[in-house]
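>>> Attaching a predicted model along with its sequence, questions to come.
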Amino acid sequence: MSDPFALRPPAVPLGLPARRLRRKSTVHHRPPVSDRPRDGGPLGSIRRTWSPASSGQKRTNFQGESAARPAASGNAQNPHVSRYGMQATAKGLLPEMRSLQRCATALARRPDGSYANGVQVWATTRPRRDGAPASVAYFRGLQHCGSPWSCPVCAARIAERRRQEVQQAIDAALARGNGVYLVTLTFPHRLEQPVGELRDKMAKATGRLRSGRRYKELKNCFGMFGEIRALEVTRSGFNGWHLHQHVLIFTQHPLPDLTRFRRKLYVLWATACKKAGLNLPSYQHGVDVQGATHAAAYVAKWGFADELGKAHWKRAAGDHYTPWELLARATAGDRDAGERFREYALAFKGKRQLYWTKGLCDALGLAAEISDQACMDLVPAGAEQPQLLLVMDVNTWHLVCYHEKRDEVLAVARDGDVRELKLYLNRLRSACFSAGGQRYGPREDWEL
């Protein structure tokens, strides 16, 4: 069966200006010719060219007039950069990732191979971290790439689910009287080193650290029975890529002397780094050990950055930038940031972001860890009584994606008012042209 989202550039209908159908890429910040999507784009991609915040780009407003998008300020801290806007930039930067091209636009497949008839719009409430309720809206019935590295839409959902799982592990361990400690491992690096090279060498050093006899003796000495590891990556304009590994270490009993543990661990880590071809880390910066209170507070930042939705304005420490901030800067027109994000996404494609040692879930009495892709199929973490507002037909969904209105649809749906959502979608159907240059008109069953 043909893919309803395998769009191709349509012929220009008579009487319709050609500029309404052609999306002109920005004259700056363009990927190399070999990296640009081919005519028509990969399957599932609504946007056929990459145009991050291009100045003067034509759009159609609800009055049917040609409206120019405001020129980008070039400031990566622009609070109006959305996850879907960042995802559109990521799709342009990474045309070879087919699952990303289809993510959050292509309809989900049924078990028999056919496509769903529409897109579901759900609304619910869930508690914020301060305990206050927050309204949330989301789509269901779509394909998702499930990538925590290259997709801001999927990464946000996965991050929240992982944060909840790791917090449950910390709470369970402390309730049992175990010790929980946050260990940070890092190493010196240089500006010219590519992130892929640093990733491979760090993986080699991590393997040497944990496979040796001396590390087993360290585990027995301090009663270590499990670990949760995560990798965090930042970029600095002065020192290049910076990789550091955060490790939650679970011990049978609280450790009375963290300094002794840190010294022994540093000797093993420094030896592993040297054998892996890395520069020798210093004792001051190479290994850091914090107690359970600090571990619980820091867990949300592991590799995902605290509240990924605010990554476009929330900066890493000092002059370092998180990958999501690089993507936000690329969306605002920063070419170098886009190249750096592409390098990062390709280097970590298919890699695990969070790793639990075997048997840790059973030891703490927790359910088994689920995959990143499975996280996307679940209701958002902490959601209370989700409500199905409506099922959007395929034509309406095409309009929403083609005119980049997904954020606006969710903003309207967040209040849970079905009437307002139907009115909004009917205005969209009445005022905006489809990819084929036609107006669908309001749905009679949505008229109120």
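Noted; the coordinates are in hand.
>>> Got the confidence number for the spatially closest residue to residue 155 that is not a sequence neighbour?
Distances taken as CB to CB, 6 or more residues apart in numbering place residue 148 nearest to residue 155, at 4.7 Å, with adjacent residues excluded. Where C-beta positions appear, they are placed from N, C-alpha and C, glycine not excepted. We note a pLDDT of 89 for residue 148 in this prediction.
>>> try residue 353
The predicted structure scores residue 353 at 83 on the pLDDT scale.
>>> rewinding a little: now the residue nearest to residue 155: how far from residue 131?
To residue 131, residue 148 is 27 Å away according to CB to CB, to the nearest Å.
>>> again with residue 97
In this view, residue 97 and residue 131 are 38 Å apart by CB to CB.
>>> which ones are touching residue 383?
The contact partners of residue 383, taken as CB atoms under 8 Å, 6 or more residues apart in numbering, are 124, 125, 126, 136.
>>> Now do the phi/psi pair for the nearest residue to residue 403 once chain neighbours are set aside.
Spatially, and ignoring its direct neighbours in sequence, residue 403 is nearest to residue 432 (5.4 Å; CB to CB, 6+ apart). As for residue 432, its main-chain torsions (degrees, to the nearest 10) stand at phi -110, psi 140.
>>> Would you mind finding the longest helix in this structure?
Across the chain, the longest stretch assigned as helix under DSSP state H is helix 152-175.
>>> Any buried residues in that helix, and which?
152-163, 165-166, 169-170, 172-174 (16 or more other CB atoms under 10 Å).
>>> State the mean pLDDT of that helix.
For helix 152-175, the mean per-residue pLDDT is 86.
>>> ok so residue 248 is a helix residue?
No - the assignment for residue 248 (DSSP: H, G, I helix; E, B strand; the rest coil) gives strand, which keeps it out of a helix.
>>> what sits against it?
166, 169, 170, 180, 181, 182, 183, 227, 228, 229, 295, 299.
>>> what pairs with it across the strands?
Here residue 248 shows beta-bridge partners residue 182, residue 228, assigned using DSSP bridges.
>>> Spit out the contact partners of residue 212.
Counting by CB under 8 Å, 6+ apart, residue 212 touches 268, 272.
>>> Against residue 272, how distant is it?
Shown here: residue 212 relative to residue 272, a distance of 8 Å by CB to CB.
>>> could you redo the contacts of residue 383 as CSV and give each row distance to residue 283?
Formatted as CSV, the contacts of residue 383 follow (distance: CB to CB, whole Å):
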residue, distance to residue 283
124, 48
125, 48
126, 43
136, 45
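>>> wait, which of these is closest to residue 369?
residue 126 (21.3 Å; CB to CB).
>>> Surely the closest one touches residue 384?
Yes - the criterion here is CB atoms under 8 Å, and residue 126 meets it with residue 384 at 6.2 Å.
>>> quick one: which of those two has more around it?
Using other CB atoms under 10 Å as the criterion, residue 126 and residue 384 rank with residue 126 on top: 16 against 11.
>>> Doesn't that one belong to a helix?
No - according to three-state DSSP, the state of residue 126 is strand, so it is not within a helix.
>>> Who has more neighbours out of residue 97 and residue 131?
Set side by side, residue 97 and residue 131 show more neighbours around residue 97, with 20 against 6, by other CB under 10 Å.
>>> which of the contacts of residue 383 has the weakest pLDDT?
Among the contacts of residue 383, residue 126 has the lowest pLDDT, at 81.
>>> tell me the secondary structure for residue 355?
Of the three states, residue 355 takes strand according to three-state DSSP.
>>> can you tell me which residues contact it?
Contacts of residue 355 by CB under 8 Å, 6+ apart are 227, 228, 229, 230.
>>> quick one: low-confidence parts of this protein?
Along the chain, segments meeting pLDDT under 70 span 1-81, 129-130, 292-318, 381-382, 447-448.
>>> what's the domain layout of it?
For the chain, the structural domains run 18-70+79-145+383-446, 152-322, going by automatic domain parsing.
>>> those strands in this protein, which residues are they?
58-60, 66-68, 118-127, 133-140, 179-185, 224-236, 240-251, 287-290, 320-321, 354-356, 384-393 (DSSP state E).
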